[in-house]
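Chemist: Structure of the sequence below:
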Amino acid sequence: MQQQPNVLLIMNDDMGYSDIGCYGGEVDTPNLDRLARHGLRLTQFYNTPRCSPSRASLLTGLYPHQTGIGILTYPTGPEGYAGDLNRNCATIAEVLKGQGYKTYLSGKWHISSDLIEPSDSWPLQRGFDHFYGTIIGAGSFYYPNTLTRGNENIDHEARNDESFFYTDAISDQAARFIHEHAKDNPASPFFQYVAYTAPHWPLHAHDDDIAKYKGRFDAGWDKLRAERLKRMVDEGLIDHNWQLTDRDPSQPGWEDAQDKQWLLRCMEVYAAQIDRMDQGIGRVIKALEDTGQLDNTLIFFLSDNGACAEDIPENVTAREMVNDLMIAREKTRKGEDVIFGNIPHLMPGPENTYQSYGTAWANLSNTPFRLYKHWTHEGGVSTPFICHWPKGISVKGVIRHTPGHIPDVMATILDVTGAIYPDSVGDTKIPAPEGHSLTPLFVNEELHDRPIFWEHEGNAAVRFGKWKLVRAYPDSWELYDMEKDRTEMNNLADAYPREATRLASLYDEWATRCGVIPREKILEMMKKLPGKAFWEDE
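Modeler: Okay, here's the model as predicted:
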């Protein structure tokens with residue numbers, strides 16, 4: 001009889017800290033809210049500033065540079081910057097297979113540099129028994145590139161199915177995996193990773209989902225940010241003493257904004273993307289209920305980074321996006337031209353559009369924090385984090401304020417399953433996991449302080465206890481007291497130089513140990529590489 005818990009790990013893409021209902025947002029997420037109501041929420045859980053590094057860290061329990069994913073899945077330098085999941089680590093799937101688990105993945109992979117030919121960094125080669133999803137990190141929700149089952153490309157399945165929508169496909173496959181597992185392997189536990197691309201751009205959603213949000217955001221980003229903060233304070237997620245950050249200085253007040261109907265439509269489609277994901281999560285939960293597996297399944301939910309303020313790249317042609325980066329289609333399934341860019345007279349949502357929701361709405365999504373995906377300030381690295389496990393978490397609806405970090409997921413899974421992380425892969429000795437188990441939080445608020453580190457394209461930070469040292473490259477270090485000022489409004493670097501120096505020293509030691517190369521050196525190396533990737537900002 002199965003005793004070990006199943007593990008269901010759900011990650012979504014580019015969603016802000018406060019978008020979903022149980023974290024103060026306007027989006028209807030009854031299924032995630034249910035998990036929070038019957039489980040626990042963390043208010044200070046951290047990801048990394050970007051998609052690929054978070055996925056690499058999540059699956060291995062290491063810092064991204066240790067896995068070869070220092071930036072993204074494009075080569076930008078040696079070793080930790082190869083852009084390809086290396087063999088100096090083991091994934092959750094590889095570790096749990098050794099413990100008798102069956103392993104499944106439905107959704108986005110995005111930690112392999114080879115998008116077409118199966119390689120050593122593809123899911124089946126990294127411990128998953130079954131894989132359905134995309135190798136690339138972004139693309140059309142109606143007709144994505146690199147759609148794969150196992151090691152076989154199945155783009156044709158989306159092309160030939162007028163009803164295909166990637167968010168639904170991820171959810172439905174995840175539910176099927178659960179039913180198939182219960183039928184074929186009833187005595188074995190499972191690990192399933194469900195990796196949504198929603199709500200990453202492009203803004204694609206169903207008309208009925210979009211219509212649901214008509215009028216929901218009409219008050220505009222300034223008023224909505226203040227309203228969100230009040231709900232978060234009332235819910236106990238945010239300290240009432242923390243100041244709401246200023247509106248992004250590059251953005252107008254809502255009253256002065258142009259093209260309001262288009263702007264509202266962008267946020268309505270973004271909300272609809274999250275809503276559709278939550279509907280699918282409901283079907284996955286129902287599959288667990290129908291097979292009698294919900295009580296003994298440990299469920300995690302988190303986002304891979306903060307909300308994305310990027311516009312659809314203006315410095316990259318549509319053909320480059322289609323042919324070189326493989327993040328878009330030039331034509332729809334019916335042969336219509338796809339129109340790229342944030343064009344105010346073109347409403348987002350349909351298959352022939354390719355747009356993003358922009359800085360001002362991302363600022364709302366990250367309420368009450370500063371900055372966005374790409375940066376290591378709180379807006380870039382703070383995520384909702386929900387744990388649900390009826391058999392193993394006796395508390396219900398509890399909120400924990402202890403800091404956690406994405407490598408902690410591996411450590412927690414090792415703890416609850418009894419699995420052992422290997423000290424070598426073949427003849428190669430590999431680093432020990434960097435995280436700490438979160439299981440003490442299943443009982444009380446106790447978790448020992450330890451330093452947490454970040455680096456992405458020169459943006460860097462270290463948090464230890466109440467202090468956080470952070471910089472936006474190439475600016476100087478800033479220091480914040482996270483107990484009094486988690487929204488990072490009062491820089492104390494000059495007032496506490498000794499504390500800033502201590503944390504900077506810890507950061508330097510970590511960067512050396514984990515293979516972080518100074519940004520200036522990476523930029524020099526990148527000058528020698530052919531082409532220019534869309535995510536470069538220098």
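Chemist: Only C-alpha atoms from now on, for both contacts and neighbour counts.
Modeler: Noted.
Chemist: Where does pLDDT dip in the stretch 201-350 of the chain?
Modeler: Of all residues in the stretch 201-350 of the chain, those with pLDDT under 70 make up the ranges 313-315.
Chemist: again with the chain
Modeler: 1-2, 313-315, 529-538.
Chemist: residue closest to the middle of it?
Modeler: By CA atoms, centre = their mean, the chain has its centre lying nearest to D304, at 1.2 Å.
Chemist: The nearest residue to C308 once chain neighbours are set aside: neighbouring residues, count only.
Modeler: In this structure, C308 finds its nearest non-sequential neighbour in K373, 5.1 Å apart by CA to CA, 6 or more residues apart in numbering. Other residues near K373 number 27, with proximity taken as other CA atoms under 10 Å.
Chemist: my guess is T91 contacts L59, does it?
Modeler: Yes. T91 is within contact range of L59, at 5.0 Å (criterion: CA atoms under 8 Å).
Chemist: These two: which is more packed in?
Modeler: T91 (23 against 20).
Chemist: Any figure for the gap between that one and R41?
Modeler: 25 Å (CA to CA, to the nearest Å).
Chemist: For T148, identify the helix or strand it belongs to.
Modeler: strand 147-149 (DSSP states H and E).
Chemist: so after that strand, what's the next helix or strand?
Modeler: strand 152-153.
Chemist: Tell me the first helix or strand C-terminal of that following strand.
Modeler: Downstream of strand 152-153, the next assigned helix or strand under DSSP H and E is helix 155-159.
Chemist: so how far is the next helix or strand after that next one off the chain centroid?
Modeler: Downstream of helix 155-159, the first helix or strand assigned by DSSP H and E is helix 166-184. Relative to its chain's centre, helix 166-184 lies at 21 Å (CA atoms, centre = their mean, to the nearest Å).
Chemist: What pairs with the helix or strand just after helix 166-184, parallel or antiparallel?
Modeler: Counting by DSSP H and E, the next helix or strand C-terminal to helix 166-184 is strand 190-195. Taking DSSP bridges as the criterion, strand 190-195 sits next to strand 6-12 (parallel), strand 102-108 (parallel) in its sheet.
Chemist: Need those strands in a markdown table (columns: mean neighbour count and distance to Q243).
Modeler: Formatted as a markdown table, the strands paired with strand 190-195 follow (neighbours: other CA atoms under 10 Å; distance: least, CA to CA, whole Å):
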| stretch | mean neighbour count | distance to Q243 |
| --- | --- | --- |
| strand 6-12 | 22 | 28 |
| strand 102-108 | 25 | 36 |
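Chemist: Distance to S424 for the ones you listed - can I get that in TSV?
Modeler: Below are the strands paired with strand 190-195 laid out as TSV (distance: least, CA to CA, whole Å):
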stretch	distance to S424
strand 6-12	24
strand 102-108	21
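Chemist: Out of the ones you listed, the one nearest K331 is which?
Modeler: strand 102-108 (21.9 Å; CA to CA).
Chemist: by how many degrees do the closest one and helix 166-184 diverge?
Modeler: Taking axes from the mean of the first three to the mean of the last three CA atoms, to 10 degrees, strand 102-108 and helix 166-184 form an angle of 170 degrees between their directions.
Chemist: Give the other helices and strands that the next helix or strand after strand 102-108 contacts.
Modeler: Next along the chain after strand 102-108, taking DSSP H and E as the criterion, comes strand 130-134. When contacts are defined as 3 or more CA pairs under 8 Å, 6 or more residues apart in numbering; DSSP states H and E, strand 130-134 sits against strand 102-108, strand 147-149, helix 166-184.
Chemist: Would you mind extracting the C-alpha trace of stretch 303-312 into PDB?
Modeler: Taking Å, rounded to 0.1, in the frame of the first residue of the first chain, the C-alpha atoms of stretch 303-312 are listed here in PDB:
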ATOM      1  CA  SER A 303       5.200  31.800 -10.000                       C
ATOM      2  CA  ASP A 304       8.600  31.700 -11.700                       C
ATOM      3  CA  ASN A 305       9.400  35.500 -11.300                       C
ATOM      4  CA  GLY A 306       7.600  38.700 -10.700                       C
ATOM      5  CA  ALA A 307       5.300  40.400 -13.300                       C
ATOM      6  CA  CYS A 308       6.800  41.300 -16.700                       C
ATOM      7  CA  ALA A 309       7.000  44.900 -17.700                       C
ATOM      8  CA  GLU A 310       8.600  44.100 -21.100                       C
ATOM      9  CA  ASP A 311       6.900  45.200 -24.300                       C
ATOM     10  CA  ILE A 312       6.900  42.800 -27.300                       C
END
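Chemist: would you list every one of the helices in the stretch 201-350 of the chain?
Modeler: 207-211, 221-235, 260-290, 318-319 (DSSP state H, counting those that start in this stretch).
Chemist: Deepest in the core, which of the ones you listed is it.
Modeler: Of all the helices of the stretch 201-350 of the chain, helix 260-290 has the most neighbours on average by mean count of other CA atoms under 10 Å, namely a mean of 22.
Chemist: in stretch 402-417, what counts as buried?
Modeler: 402-414, 416-417 (16 or more other CA atoms under 10 Å).
Chemist: now swap in stretch 113-133 and tell me
Modeler: So, applying 16+ other CA under 10 Å, buried residues of stretch 113-133: 113-116, 118-119, 121-124, 126-133.
Chemist: quick one: contacts of that stretch?
Modeler: 73-75, 83-86, 90-95, 97, 102-109, 111-112, 135-136, 146-151, 153, 170, 173 (CA atoms under 8 Å, 6 or more residues apart in numbering).
Chemist: do stretch 266-283 as well
Modeler: Applying CA under 8 Å, 6+ apart, the external contacts of stretch 266-283 come out as 20, 27-32, 167-168, 171-172, 175, 196, 198-199, 203-206, 209-214, 216-217, 347-349, 356-357, 361.
Chemist: make it 6 Å
Modeler: By CA atoms under 6 Å, 6 or more residues apart in numbering, the list of residues contacting stretch 266-283 from outside reads 27, 29, 31, 171, 198-199, 205, 209-210, 213, 357.
Chemist: Equivalent analysis for stretch 336-355, please.
Modeler: 202-205, 262, 312, 330-331.
Chemist: which among the residues you listed gets closest to E488?
Modeler: I312 (28.2 Å).
Chemist: okay, now that closest one: neighbour count?
Modeler: For I312, the neighbour count with other CA under 10 Å is 18.
Chemist: Now do the closest residue to it other than its chain neighbours: how many residues are near it, please.
Modeler: In this structure, I312 finds its nearest non-sequential neighbour in G341, 5.6 Å apart by CA to CA, 6+ apart. By the criterion of other CA under 10 Å, G341 has 18 neighbours.
Chemist: Over to the one 3 residues further on?
Modeler: Residue crowding around P344 was assessed by other CA under 10 Å; the count is 16.
Chemist: Please report how far it lies from Y132.
Modeler: For P344, the distance to Y132 equals 35 Å [CA to CA].
Chemist: Please apply the same query to P186.
Modeler: Distance from P186 to Y132, by CA to CA: 21 Å.
Chemist: Do I have it right that Y46 meets S382?
Modeler: Yes. Contact criterion CA atoms under 6 Å: Y46 and S382 qualify, at 4.7 Å.
Chemist: Identify whichever of the strands paired with strand 190-195 lies nearest to D290.
Modeler: Of all the strands paired with strand 190-195, strand 6-12 sits nearest to D290, with 14.9 Å by CA to CA.
Chemist: what comes into contact with that closest one?
Modeler: If you take CA under 6 Å, 6+ apart as the criterion, strand 6-12 is touched by 189-196, 297-303.
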